[in-house]
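Chemist: Could you look at this predicted model? Sequence included:
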Amino acid sequence: MTEVLDPPNRTEVPAVPSPNVQRLSTQNELKPKMKTKREGSTVGKPFVDAPKISMRGVDVFYGAKQAVFGVDLDIAKNQVIAMIGPSGCGKSTFLRCINRMNDTIDSCRVEGSICLEGEDIYESKLDVVPLRARIGMVFQKPNPFPKSIFDNVAYGPKIHGLVSRKADLEEVVETSLRRAGLWEEVKDRLDSPGTGLSGGQQQRLCIARTIAVSPEVILMDEPCSALDPIATAKIEELIAELSQNFTIAIVTHSMQQAARVSDRTAYFHLGKLIEVNETQKVFTNPDHELTEAYITGRIG
Amino acid sequence: MDNLNIDRHISQQFNTDLEHLRTHLLELGGIVEEQVANAVKALETADSALAEQVLQTEMEVDKREISLDHECTLILARRQPAASDLRLVLMVTKTTHDLERMGDEADKIAKMAIALNEDGASPRGYIELRHIGSNVLKLVNMALDAFARYDAQMAVRVVRDDNQVDLEYRSALRELITYMMEDPRSISRVMNILWALRALERIGDHARNIAENVIYLVHGMDVRHIPLDEIEKKLEAENNSAD
């Protein structure tokens, strides 16, 4: 191998090139070096200009146990951000902080600041009901109310007092179902129970219910993990459409899904936010070796 | 192998697949490297038998090109590789193509060797041929070593040395043209040498492509079609930010 490094011999062609066998046997001693980066805090670009949601130093505790450690992250307006990471890395817990779903768990304590357009959502005087109308959520398992399809979608606008006349309500229901890509499938049976739909349809019904109250942000916690590939593809298509008008944060276990639907990707590991970058960067050339290890299937 | 981490996947089969891909590419590289060396040697020593052997090897190279591409297709379909795995698969398909093209160029040189042998009489231009041939062989060798070691620095050296080979090729061209003007009877023979030089220069370009693929593999940075000093600057910036 050292002959390569010698000054070129101008008078002679090397008699025999280094045979492949030789190259293969020496490679083990040579220790090929791949670029790796190891840094303490989040790498990449966690911050954006004019963020829709801006989170600083977010810690989450369940009793004495800390689940999320000092996360700094911005979510840009009308963009999809995907949160990925192994089970128990705190990504769902973190997502739930964004519309104060963690308030329902007694032992859960959130510290740090989370601002929706500059307004602190953990302000003690703040009413969580309108907050959750502004920041809607779609869950892992489709959870339609045991009511008719129509009422499932109409419920939100009614309780939030967004519409008064029946005609307006019908219009909101139709628009929401259309945007959720469900209208054509259910328009003839709006009175039948929502629970009678297929899994994928139920999930789209839940999305219609969420967007019926015109939220600004939609949080999705593994919205496709209970669905088949076709229903999943429909939801993903829907996410792409919705992202034109809504800010979306999605937690997913499917890395391919994150790669397909999101503009930015955040990687969590053991409660820490390791890396945030443009999705195309994360999946072709991530900055952090832990991200690399996770997305290439080396740790789980 | 520690830093490469090919063997760290949760899926053992994926480890094996990628390891095979790497090994098979290096094997193909070794075969093509030898093919190029033999072609140059056959031309220099007027060895038609060796030239025939180069032509025979071409079939083996083609077969391996197809099988490597097939392996890449299967890995893409089955594993949806990401990050460094994705870059490895992509660079293997491209490098396979470059190697196969190198083999084609070696074929051309071997054919020139046979043609020149039949003509008899030794033409001018052997010194240039030997010189450029030996430099191009080093390029091929270094490009493959750079891949085996994931050595971006060595890959940059290939790019640099290829620029040098291009200069040498151009100066050899001028010299041979002068010679043809002095002695028009030698034109057809000298043309054969010219074609062989041209093939060597192309082999150098393919070695450069492989080196650029290695830089992409290691740093995820596309350095095609940019000048050498910019490549060096980009790499330096990358290395600094990694520290």
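Modeler: Alright, I've got the coordinates.

Chemist: residues in contact with stretch B:196-208?
Modeler: B:36, B:40, B:43, B:98-99, B:101-102, B:105-106, B:108-109, B:112-113, B:125, B:128-129, B:132-133, B:135-136, B:139-140, B:142-143, B:158-159, B:162, B:165-166, B:169, B:172-173, B:176 (Cβ atoms under 8 Å, 6 or more residues apart in numbering or on different chains). Heads up, the C-betas are built off the backbone N, CA and C, glycines and all.

Chemist: Now restrict these to buried residues only.
Modeler: B:36, B:40, B:43, B:98-99, B:101-102, B:105-106, B:108-109, B:112-113, B:125, B:128-129, B:132-133, B:135-136, B:139-140, B:142-143, B:158-159, B:162, B:165, B:169, B:172, B:176 (16 or more other Cβ atoms under 10 Å in any protein chain shown).

Chemist: returning to that earlier point: which of the contacts of stretch B:196-208 are close to chain A?
Modeler: Near chain A, judged by Cβ under 8 Å from any Cβ of the partner chain, the entries from the contacts of stretch B:196-208 are B:36, B:40, B:133, B:135, B:140, B:142.

Chemist: what would these look like in CSV with distance to residue A:101 and secondary structure?
Modeler: Formatted as CSV, those follow (distance: Cβ to Cβ, whole Å; DSSP: H, G, I helix; E, B strand; the rest coil):
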residue, distance to residue A:101, secondary structure
B:36, 65, helix
B:40, 71, helix
B:133, 71, helix
B:135, 67, helix
B:140, 60, helix
B:142, 58, helix
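
Chemist: Can you name the two of those that sit furthest apart?
Modeler: B:40 and B:142 (16.4 Å; Cβ to Cβ).

Chemist: where along the chain do the helices fall?
Modeler: No chain specified, so I'll use chain A. A:20-30, A:91-97, A:128-134, A:149-159, A:166-179, A:183-186, A:199-211, A:229-242, A:255-261, A:279-284, A:289-295 (DSSP state H).

Chemist: think we crossed wires, I meant chain B
Modeler: Using DSSP H, the helices assigned to chain B run over residues B:12-44, B:48-79, B:83-119, B:126-149, B:152-182, B:187-219, B:228-242.

Chemist: between those, which gets nearest to residue A:105?
Modeler: Comparing these by Cβ to Cβ, helix B:83-119 comes nearest, at 35.2 Å.

Chemist: Okay, now the unreliable bits of the chain?
Modeler: If you meant another chain, say so; for now it's chain A. A:1-40, A:300 (pLDDT under 70).

Chemist: nope, chain B please
Modeler: B:1-7, B:120-124, B:242-243.

Chemist: how about a cut-off of 90?
Modeler: Counting by pLDDT under 90, chain B has low-confidence residues at B:1-13, B:15, B:43-46, B:115-130, B:179, B:183, B:185-193, B:236-243.

Chemist: what sits against the closest residue to chain B within the stretch 201-300 of chain A?
Modeler: Nearest residue of the stretch 201-300 of chain A to chain B: residue A:285, at 2.9 Å (Cβ to the nearest Cβ). Contacts here follow Cβ under 8 Å, 6+ apart; on that basis residue A:285 touches B:83, B:87, B:219, B:220, B:221.

Chemist: With neighbour count as added columns, please give those in CSV.
Modeler: CSV is the format used below for those (neighbours: other Cβ atoms under 10 Å in any protein chain shown):
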residue, neighbour count
B:83, 20
B:87, 19
B:219, 21
B:220, 18
B:221, 17
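
Chemist: returning to that earlier point: okay, the helices of chain B in a markdown table with distance to residue A:108 next?
Modeler: Converted to a markdown table, the helices of chain B look like this (distance: least, Cβ to Cβ, whole Å):
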| stretch | distance to residue A:108 |
| --- | --- |
| helix B:12-44 | 38 |
| helix B:48-79 | 38 |
| helix B:83-119 | 34 |
| helix B:126-149 | 50 |
| helix B:152-182 | 47 |
| helix B:187-219 | 42 |
| helix B:228-242 | 38 |
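
Chemist: Pull the number of nearby residues for residue A:68.
Modeler: 24 (other Cβ atoms under 10 Å in any protein chain shown).

Chemist: these two touch, right, it and residue A:270?
Modeler: No - judged on Cβ atoms under 8 Å, residue A:68 makes no contact with residue A:270 at a distance of 10.0 Å.

Chemist: which residues do these two both contact?
Modeler: residue A:90.

Chemist: State the number of residues packed around whichever residue of chain B sits closest to chain A.
Modeler: Nearest residue of chain B to chain A, counting by Cβ to the nearest Cβ: residue B:30, 2.1 Å away. Burial of residue B:30 is recorded as 21 neighbouring residues (other Cβ under 10 Å).

Chemist: Likewise for residue B:61?
Modeler: 22.

Chemist: tell me the contacts of the spatially closest residue to it that is not a sequence neighbour?
Modeler: Sequence neighbours aside, residue B:103 is the residue nearest to residue B:61 in space, at 4.1 Å (criterion: Cβ to Cβ, 6 or more residues apart in numbering or on different chains). By Cβ under 8 Å, 6+ apart, the contact list for residue B:103 reads B:31, B:32, B:35, B:57, B:58, B:61, B:62.

Chemist: same thing but 6 Å
Modeler: Counting by Cβ atoms under 6 Å, 6 or more residues apart in numbering or on different chains, residue B:103 touches B:32, B:35, B:58, B:61.

Chemist: residues in chain B within reach of chain A, list them.
Modeler: B:3-4, B:8-10, B:26-27, B:30, B:33-34, B:37, B:40, B:80, B:82-83, B:85, B:130-131, B:133-135, B:141-142, B:148-150, B:219-220, B:242 (Cβ under 6 Å from any Cβ of the partner chain).

Chemist: Of these, grab the buried ones for ChimeraX.
Modeler: Those of those that count as buried under 16+ other Cβ under 10 Å are selected in ChimeraX with:
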select /B:4,9,26,27,30,33,34,37,40,82,83,85,130,131,133,134,135,141,142,148,149,150,219,220
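
Chemist: is the closest residue in space to residue A:118 that isn't next to it in sequence in a bridge, and if so with what?
Modeler: Leaving out its chain neighbours, the residue that sits closest to residue A:118 by Cβ to Cβ, 6+ apart is residue A:54, at 7.7 Å. Assessed by DSSP bridges, residue A:54 has beta-bridge partners residue A:74, residue A:115.

Chemist: For residue A:54, give its distance to residue A:232.
Modeler: Distance from residue A:54 to residue A:232, counting by Cβ to Cβ, to the nearest Å: 31 Å.

Chemist: And residue A:58, by the same measure?
Modeler: 30 Å.

Chemist: between these two, who's got more neighbours?
Modeler: residue A:58 (23 against 19).

Chemist: who touches the closest residue to that one other than its chain neighbours in this structure?
Modeler: Excluding the flanking residues, the one nearest residue A:58 by Cβ to Cβ, 6+ apart is residue A:112, at 3.9 Å. Listed by Cβ under 6 Å, 6+ apart, the contact partners of residue A:112 are A:56, A:57, A:58, A:59.

Chemist: List the ones among the residues you listed that fall in strands.
Modeler: A:56, A:57, A:58, A:59 (DSSP state E).

Chemist: Give me the neighbour count for residue B:167.
Modeler: 10.

Chemist: list the contacts for it?
Modeler: By Cβ under 6 Å, 6+ apart, residue B:167 has no neighbours at all.

Chemist: for residue A:83, same thing?
Modeler: A:91, A:251, A:266.

Chemist: Excluding chain neighbours, give the residue nearest to residue B:93 in space.
Modeler: That would be residue B:72: by Cβ to Cβ, 6+ apart, it lies 4.8 Å from residue B:93.

Chemist: And the one you found, how far from residue B:217?
Modeler: 14 Å.

Chemist: These two: which has the busier surroundings?
Modeler: Ranked by neighbour count (other Cβ under 10 Å), residue B:72 and residue B:217 place residue B:217 first, with 25 against 22.
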